[in-house]
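# based on what follows, work out the 3D shape:
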Amino acid sequence: MAGARIERLVTSGTFSLDGGTWAVDNNVWIVGDDSEAVVIDAAHDADAIVQALGGRILRAIVCTHAHNDHIDAAPDLAARTGAPILLHAGDLPLWKHTHPDRTPDGELADGQTVAVAGVRLTVLHTPGHAPGAVCLYAPELAALFSGDTLFAGGPGATGRSYSDFPTIIESIRERLLALPHDTVVHTGHGETTTIGAEAPHLQEWIDRGF
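Numbering: from 1, shown residues only. The predicted structure follows:
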């Protein structure tokens, strides 16, 4: 087992889209060891993220998608650490809603890997919740970072702009449920789950248009 570990930081703020605003708690995931790390979804509070990093070198700020609650602290965190912001190109229109004057530093593509602390995070393009939504799979850690694609109890929301229910179901079926069932799913909000816990319920989600 590599020296990398997974840390969760919960930050609070708001999510805004289609004219509405809601209070939310977000999971910020930090993957790394004592010397370096990557941040998955820089949500709400750059100060808290910097404190959690504790002086480690930040290799990248990886965005699972570009809803404002997952990216609002990203430019500030990048400015303070020098780390690049990485986002799938499919979510650039959403990104511009929040940061019209600052573009990401690099693009995420399906199959790309992000290396840190001896492990590799493989990018899985999983559209549906957002066009450029991605998950990150770290087999050495038996971990999937699912953003808002898959939660404990079902898929992410698809009732707002830029989202599509049949697309998210296809992403989950083809890309996520094919992973080992003991893979721990580290979600964008709420508690973790496993692929094995969620896989039996796919047809239920389809039947009720979850």
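# check the gap between E140 and V31 for me.
11 Å (CB to CB, to the nearest Å). In short, each C-beta sits where N, CA and C put it, glycine included.
# comparing these two, which residue is more hemmed in?
V31 (26 against 13; other CB atoms under 10 Å).
# can you tell me the SS state at that one?
Secondary structure, DSSP: H, G, I helix; E, B strand; the rest coil: V31 is strand.
# if I pick it, what's in contact with it?
4-7, 37-38, 40, 116-117, 119, 121, 138, 141, 145 (CB atoms under 8 Å, 6 or more residues apart in numbering).
# could you rerun that using 10 Å?
4-7, 37-40, 59, 62, 114, 116-117, 119, 121, 136, 138, 141, 143, 145, 186 (CB atoms under 10 Å, 6 or more residues apart in numbering).
# what of I71?
41-44, 61, 63-65, 85, 87, 91, 94-95, 97-99, 104.
# give me the buried subset of the residues you listed.
Buried residues within the contacts of I71, counting neighbours by 16 or more other CB atoms under 10 Å: 41-44, 61, 63-65, 85, 87, 91, 94-95, 98-99, 104.
# among those residues, name the ones in helices.
Under the assignment DSSP state H, the buried ones among the contacts of I71 contribute L94, W95, T98 to helices.
# kindly state the pLDDT recorded for the first one?
The per-residue pLDDT reported for L94 equals 97.
# was I right about it contacting L87?
Yes - contact criterion CB atoms under 10 Å: L94 and L87 qualify, at 9.2 Å.
# overlap of the contact sets of those two?
With CB under 10 Å, 6+ apart as the test, L94 and L87 both reach C63, H65, A66, H70, I71, G132.
# flag the shaky bits of the chain, pLDDT-wise.
1-2, 210 (pLDDT under 70).
# strands of that one, start to end?
5-17, 20-32, 36-40, 57-62, 85-88, 106-108, 113-116, 119-125, 134-138, 143-147, 150-151, 154-155, 184-187, 193-194 (DSSP state E).
# what separates the last one from the chain centre, distance-wise?
Looking back up the chat, that one is strand 193-194. 15 Å (CA atoms, centre = their mean, to the nearest Å).
# paired strands for that strand, with orientation please.
In the sheet, strand 193-194 lines up against strand 184-187 (antiparallel) (DSSP bridges).
# and the second one, by the same measure?
When sheet partners are counted by DSSP bridges, strand 20-32 sits next to strand 5-17 (antiparallel), strand 36-40 (antiparallel).
# what do you get for the fourth one?
Applying DSSP bridges, strand 57-62 is found paired with strand 36-40 (parallel), strand 85-88 (parallel).
# tell me which residues of that strand are tucked away?
Judged by neighbour count (16+ other CB under 10 Å), strand 57-62 contains these buried residues: L58, R59, A60, I61, V62.
# for the closest residue to the third one other than its chain neighbours, list the residues it contacts.
With sequence-adjacent residues excluded and distances taken as CB to CB, 6 or more residues apart in numbering, A60 is closest to V38, at 4.8 Å. By CB under 10 Å, 6+ apart, V38 lies in contact with 4, 29-32, 58-62, 83, 86, 114-117, 119, 121, 136, 145.
# list buried residues within the residues you listed.
4, 29-32, 58-62, 83, 86, 114, 116-117, 119, 121, 136, 145.
# G20 contacts N68, correct?
No - applying CB under 10 Å, one finds G20 not in contact with N68, separated by 11.9 Å.
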